[in-house]
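Q: Provided below for reference: sequence and predicted model.
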Amino acid sequence: MLRFGLFLLWAFLGFCMLVLVTLPISLETQFITGMVVLIAMMILKLLGSEGNLRLIALAFGTAVVLRYAYWRTTSTLPPFNQLENFIPGFLLYLAEMYSVMMLALSLFVVSKPLPPRPSRRNANKRFPTVDVFIPTYNEDADLLANTMAAAKQMEYPADKLTVWLLDDGGTVQKRNSDKMIDANAAEERFRDLQKLAADLDVRYLTRERNEHAKAGNMNNALDQSEGELIVIFDADHAPARDFLLETVSYFDDDPKLFLVQTPHFFLNPDPVERNLRTFEKMPSENEMFYGIIQRGLDKWDASFFCGSAAVLRRTALAETNGFSGVSITEDCETAVELHSRGWSSLYIDRPLIAGLQPATFASFIGQRSRWAQGMMQILRFRFPPLKRGLSLPQRLCYMSSTLFWLFPFPRAIFLVAPLCYLFFDLQIFTASGGEFMAYTLSYMLVNLMMQNYLYGAFRWPWISELYEYVQTVHLLPAVISVILNPRKPTFKVTAKDESIARSRLSEISAPFFVIFFVLVIAVFVTIYRVYTEPFKADVTLVVGGWNLLNLIMAGCALGVVSERGEKAATRRVAVSRRCDFKLGDTWLQGTIENVSVNGARVNLIGAIPDGITIDDRAELRFKTHSDGNQGVLPVEIRNVERGGQNVIIGCRYLPQGAAHHKLVADLIFANSAQWTQFQLSRRGNPGLLRGTFWFLRLAFYQTYRGLVYLGRAARDRGSDKSASMAESRL
Amino acid sequence: MKRLAFPLSLTLATLAATTGLAQQSPFDMTPEKPAQESVPAPASPPQTAPAIGDPAQQTTPPQTGPAAAAPARPAVSESRRYLLPQPDIVLSGENALRSWAMYLTPEQAASPAKLNFGYQNAIVIAPEASRLKLSMNGVIIVDIPVESTESVSRAAFDIPAGVLRPGYNDVRIEASQRHRTDCTIQSTYELWSEINPEATYIDFSEPEAGRWQRVDDLRAIGTTPTAETRFNFVVPGADQAISTTPVMRLASGLGLMAEMPNQSFSISRKEAPPAGPGLATVVIGTAEELEPLLGKLPQGAEISPTTLIVDDSPFGPSTLVMTGPNWSAVGNAVEAFLTPLKRPTSQRATMSTHMWRMPDPPMVFEYSRLKFADLGINTQEFSGRRFRTNFAVSVPSDFFANAYGQATVLLDAAYTPDVMPGSHIDIYVNGNIAATVPITTGGGEFLRHLPIPVTMRHFEPGYNIIELEAVLLTESDNVCAPGATGSTDRRFVLFDTSELVMPNFARIAQRPNLSALSGTGSPYGRDAAQIPVIVDRTQPEALSSAATLLARLSVAAGRPISMDASVAPSAIGAQDAISVSTISQVPAGMLRQVGMPESMKTSWTENTGAEVAGASTETTLDEWQTRLRGSSWRGQISSLEEWLQRTFNVSLDTFRIFQGVEPEFVPNPGENFLLAQQQNPAGTGVWTVITAPSARLLEEGMRAMASQANWRQVAGRVTTYNNMSTVIRVTQPQDVTLVDTQPFSLRNYRRVMANWLSANAIAYSIALVVMSVLLGTATLIFLNALGRKD
């Protein structure tokens, strides 16, 4: 009753706002109002962007955005009888309205994200049986070994925990492949993994045929296992020791709970971060999703399954006959289905696994194409907005999640729109300079400020635009193809273990350079037209400014597709653990300072024996967190720095069996608190102005770097014409 | 993951700033503000007076014109009819058109007639490339080259039999004019031909043509040689209270019947000046009163109400006599005379302007699409540089969309590849620029229903003249080879399928609002109640003024004003009222009510005007501001303000939140006639006070203000007139009361709100901010109650 009363009050106020906003007021009033609202938002920002003021500031912003939408709809569309203007003009209008709609959905989703839940580590009363699934297709044994070892080392009663390696790379179908080489490789993989699993006390499972990809693989395992809860880890997602303790108990609180999802934390930068070198200081791209959007979805009981790092209830999955496999994003699809059947989900905002993300730009795009296509399939086959059983907030949330992936369309339109005017003289946006200032400019500023309010610490200004732009170029065809052929796309496993030996252009970088140079030409056209057509210089300047912005973005993207060669493929995590280090025949005392999946850095006290050289073998001994026993890990020395009293040695693991992998897993994945720490260290809101300047500087530098790489690539190609395709691809 | 997207940068801020300075800058082609600097032409509206000399002064009387047919100034015969309804018919620019209707009696239409045409033109007009045409009822009577540069040239033309017809006849004067040598846009402003009112007339050779036979023939009153129209009333009983109402009603009726643009009334108790063209003598009174004055009393005057056109010995032919046994019978005669002039209470479809401007402008009350063809604009091809045409539309007195409203012209036009980018099409409303469409593409274009938003800022109640001007630049004009000015290569065509789209606009009456008074006679034009008119009947000048005013109002309202002059000032109460008298006779309390101190009754004298006839403080101040502009930081600030003003119409006034208290109004020195309006103390009606320091100034001021050129300038809460400088000054109200005129309608209130908030920007901002805070808070509370709790 109270809720209904509140709703009436809210609806009434909303209606009043709508009436006020849709008044056809004059330009001068709009101009002044825009200024007043901007100033009010700035003042509110100074008072703090959190808590109750946040919603008021967002209401301010909403008013301006709505006014823009009203004006854009009523007075800026080109006349219908000028089709050459009307059609592109209407597309641009649609693109903008899409943006406005997505903003509205975002506002709904993240209006009030749930704060992180307190730790449940010590609150477990009952320990239900748990099956851990590690589906794999082509990942190599070392990677799997780490994951399996980490999974086995999770704190949980051993008799209640079963870890399964679900190998789709060693199916009967693969092993009997007509291609002899593939068949042999599959056979070998089948043998090796079986042995490795046995060593780690993990159950190896494969199946007859590779049907329904990942979903089919997991459904097969569902049939074979009987644990009450199912935990899914991707092959590269190694859990922390407290993963189960933090998640399992929720299932006893709520019998209708089907999912506990945790964030994906990545040890290595994505290609954008790596190439722009922002990994250490700027929040990662996915942090906005896991840090705030999932929390927002959680508020509406709509946080969805992200394929890994999650706990699911078997009885719930049984209702849908396991994981749905209509789309290539089975995770989200399964969640939609179960939500619509009245099950609920929950999200824990604490990194409990660490994984890898694609290292090259091409595989990054591959991964995103899969997400985009999968979401389009869900939209096509499940259509969440009208799906029976979902609550209204859930419908809106899923709309937001799926429709987001249409972004390549507006992004492409925003890119092309100014060119329509500059190159072809089309007039697709009917407004005067004054109107541009009073409406568009205030809208854009308000939009940026709202973004900053919503996601400030998680997403710096202009970074979203950059990510969208770099994806758009290749995602647009992918999305169009899935719209035309919704059943065509097939599940492709994203490669995450590539590394880049030397700096080179990405193999899919060509379109970015083409776009960049077209935009550069457009800048010259702008200048030319400003001088030759002074009577419309004002229009040309406004459109040219827009194009310039696109150019800055495109320039920055050149840096993104210029892959930096890098030695350390994965990030080092700072730790501080006592250890002994055996050099030659002597054990030296020391401290492990940081570790990565591949190696560690050890600070040793005392003199080291002479004659130690790179590539020498050594041994690292330390006490494990899991059982408190000492373990010895063989390593290879990679570098030596001598200090006064101490020596710092960088070494690479040489794991030779299950026991060694357990030690590596213990070193890296034992403690989830350090990941949280690292994330927090990057979070900080630079503010709109500082963020913009920072981005500009970044863009200029990256443009330069991209052009240098291009020059180098051209030189390589020119100087070595006989070089094969492989060479030129470097 | 999900976010908002719009890819324009902060750099736009600076870009757009330069944009604004560069002038209006449509992303495509639809501006809402003019580009005054960019046009090399004068910024003032196109009907700028010709630059060279004053044609009137150059007029040296009677020199024989080329046709040599006209005798040197014949004595004004009674069968002469002056053609021009207004004195100032100047055809300026490269193409110009005036058309109006002329009423002829059956005798005039039947009589053989000869047209005398006199005009003078600018010396720069090339005669071989320029022509003047005059047609009547579609038959061309005059078609001559424009070549009268020295003085007014006169020529006589026969009007073929059968062209003229009884009743209304179309008269149309068209000019096509080209410069002798200059191809610039600027030069087109130097082109003008002025039709001379005194030398342009029709002579009817039939003597009967000059004689009115019936009351309706009064419509054929026409104009004097100076293009005025005057009704001379002889009212022996003018000082009797009972006489005033019938006399005023008759004036209303006659004014409405003749509908001439410059008509005035003069009331005398005994005599009238001799009759002549443009003059009518009206004798009104009881039979007893008229007996001594008239040569012969009409038969039956002592028995019943009588209305007759007589040929009377003292007053001459065509004298209108209204009489009866007593004043109430005279009143009945007047009412009987008025009956056919009354219009039903339903809304009128057009305003009546045909006696000086054809066609009648449609009255627009709500959304409507008006075809140019119906507005009197034909498809026109044009070979010059500056094409102009105009039309008129009317809006009702409760029009309330000045601040937000936007009409749209859907333009059907085309231009050839010769027309270069940089050309533009402008739309002016009542002489103020309201839209500019730059032509940005070369190579010619066919514009099909191109929408041009036209701000309604300059619309006023009553008729509004909307002028469309195309400024066409071509390469050949840049070169300007000899003879290029007269080129007949068509460059531009305007199709009559173009439309004016009037939106639904806010309708609510404002008090005070003198422009509603001048536009449609509101609020006195309603037929409902008899409006108390307080007039000092002891002064014939005051009566004359009241008659002139009421006739004016009747024409504006389209019906005779329903009034009652017998109400005592103290009995007005809560009604609408009009007071016409010298300042000392303004009823007690009324002056204060319309915002003037009672002390003005003694301090405002005829002599105060004589002191300062020269520059006013304001103009001096303006002059100094202009002189100092840009030289200091103050100049910078004022140029910023100017830019804001230009781009957004933002001025310091915009930031006014609270309505100011209306300051007391005191006329400036030299101002010696005024109209002032305010709502009555009860808030139930509107009082309008028309006054002057003396009876002479009252009559003179009223006649001047009622003239076509001045009447529509009456606006605001006070309008003053300076008879020395002829400057009209409007004082806008600070505090306006809005009064419902329409049935309850949310849509109308929404529009009213839009207009009010557009005029009070800060109020809108505050409303939005308050709403945002409320909505934000409500959302917060609502969200806390919904979904999962923290």
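A: All right, it came through fine. Residues are numbered from 1 along each chain as shown, chains lettered A, B, ... in the order given.
Q: Scan chain A for its longest helix.
A: For chain A, the helix with the greatest residue count under DSSP state H is helix A:688-719.
Q: That helix: which residues count as buried?
A: Neighbour-count burial for helix A:688-719 flags A:688, A:691-692, A:694-696, A:698-699, A:702-703, A:705-707, A:709-710, A:713 (criterion: 16 or more other CB atoms under 10 Å in any protein chain shown). Heads up, the C-betas are built off the backbone N, CA and C, glycines and all.
Q: Ok, stretch B:201-213 next?
A: For stretch B:201-213, the neighbour count (16+ other CB under 10 Å) marks B:201, B:202, B:203, B:204, B:209, B:210, B:211, B:212 as buried.
Q: Specify which member of the residues you listed is nearest to residue B:432.
A: Within the buried residues of stretch B:201-213, the smallest distance to residue B:432 is 35.2 Å, found for residue B:201 (CB to CB).
Q: near chain B, which residues of the stretch 301-450 of chain A?
A: Within the stretch 301-450 of chain A, the positions adjacent to chain B are A:301, A:393, A:400-401, A:404, A:407, A:410-411, A:414-415, A:421, A:425, A:427-438, A:440-441, A:443-445, A:447, A:450 by CB under 8 Å from any CB of the partner chain.
Q: rewinding a little: reformat the buried residues of stretch B:201-213 as TSV; add pLDDT and secondary structure.
A: TSV is the format used below for the buried residues of stretch B:201-213 (pLDDT from 0 to 100; DSSP: H, G, I helix; E, B strand; the rest coil):
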residue	pLDDT	secondary structure
B:201	94	strand
B:202	94	strand
B:203	93	strand
B:204	92	strand
B:209	86	helix
B:210	84	helix
B:211	86	coil
B:212	89	coil
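Q: For the spatially closest residue to residue A:687 that is not a sequence neighbour, give its distance to chain B.
A: In space, and not counting its chain neighbours, residue A:687 is closest to residue A:452: 7.3 Å by CB to CB, 6 or more residues apart in numbering or on different chains. Residue A:452 sits 11 Å away from chain B, going by CB to the nearest CB, to the nearest Å.
Q: residues near residue A:452, how many?
A: For residue A:452, the count of nearby residues is 22 (other CB atoms under 10 Å in any protein chain shown).
Q: Could you pull up the contacting residues of it?
A: A:45, A:49, A:461, A:685, A:687, A:688, A:691 (CB atoms under 8 Å, 6 or more residues apart in numbering or on different chains).
Q: give me the element the nearest residue to the last one once chain neighbours are set aside is part of.
A: Closest residue to residue A:691 apart from its sequence neighbours, by CB to CB, 6+ apart: residue A:461 at 3.7 Å. Under DSSP states H and E, no helix or strand contains residue A:461.
Q: Also the one 4 residues further on?
A: Assigned by DSSP H and E, residue A:465 belongs to helix A:463-484.
Q: ok, and what's touching that helix?
A: A:272, A:282, A:285, A:288, A:361, A:365, A:368-369, A:372-373, A:376-377, A:380, A:405-409, A:411-412, A:415, A:451, A:488-489, A:508, A:511-512, A:515, A:553-554, A:556-557, A:560-561, A:695, B:3, B:5, B:7.
Q: element containing the residue lying closest to residue A:47 once chain neighbours are set aside?
A: Excluding the flanking residues, the one nearest residue A:47 by CB to CB, 6+ apart is residue A:53, at 5.8 Å. Assigned by DSSP H and E, residue A:53 belongs to helix A:52-75.
Q: Extract the C-alpha trace of that helix and format it as CSV.
A: Only the C-alpha atoms of helix A:52-75 are listed here, as CSV (Å, rounded to 0.1, in the frame of the first residue of the first chain):
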residue,chain,number,x,y,z
ASN,A,52,21.2,11.2,-1.9
LEU,A,53,22.5,14.1,-3.8
ARG,A,54,23.4,11.8,-6.6
LEU,A,55,19.8,11.1,-7.4
ILE,A,56,18.9,14.8,-7.3
ALA,A,57,21.8,15.6,-9.6
LEU,A,58,20.7,12.8,-11.9
ALA,A,59,17.2,14.3,-11.9
PHE,A,60,18.6,17.6,-13.0
GLY,A,61,20.5,15.9,-15.8
THR,A,62,17.4,13.9,-16.8
ALA,A,63,15.4,17.2,-17.2
VAL,A,64,18.0,18.6,-19.6
VAL,A,65,18.2,15.3,-21.5
LEU,A,66,14.5,15.1,-21.9
ARG,A,67,14.3,18.7,-23.1
TYR,A,68,16.9,17.8,-25.7
ALA,A,69,15.0,14.7,-26.7
TYR,A,70,11.8,16.8,-27.0
TRP,A,71,13.5,19.5,-29.1
ARG,A,72,15.3,17.0,-31.2
THR,A,73,12.1,15.2,-32.0
THR,A,74,9.9,18.3,-32.6
SER,A,75,12.2,20.7,-34.4
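Q: The stretch 101-250 of chain A: helices as residue ranges?
A: Remark: helices assigned in the stretch 101-250 of chain A by DSSP state H, counting those that start in this stretch are A:141-152, A:172-175, A:180-199, A:213-224, A:243-247, A:250-253.
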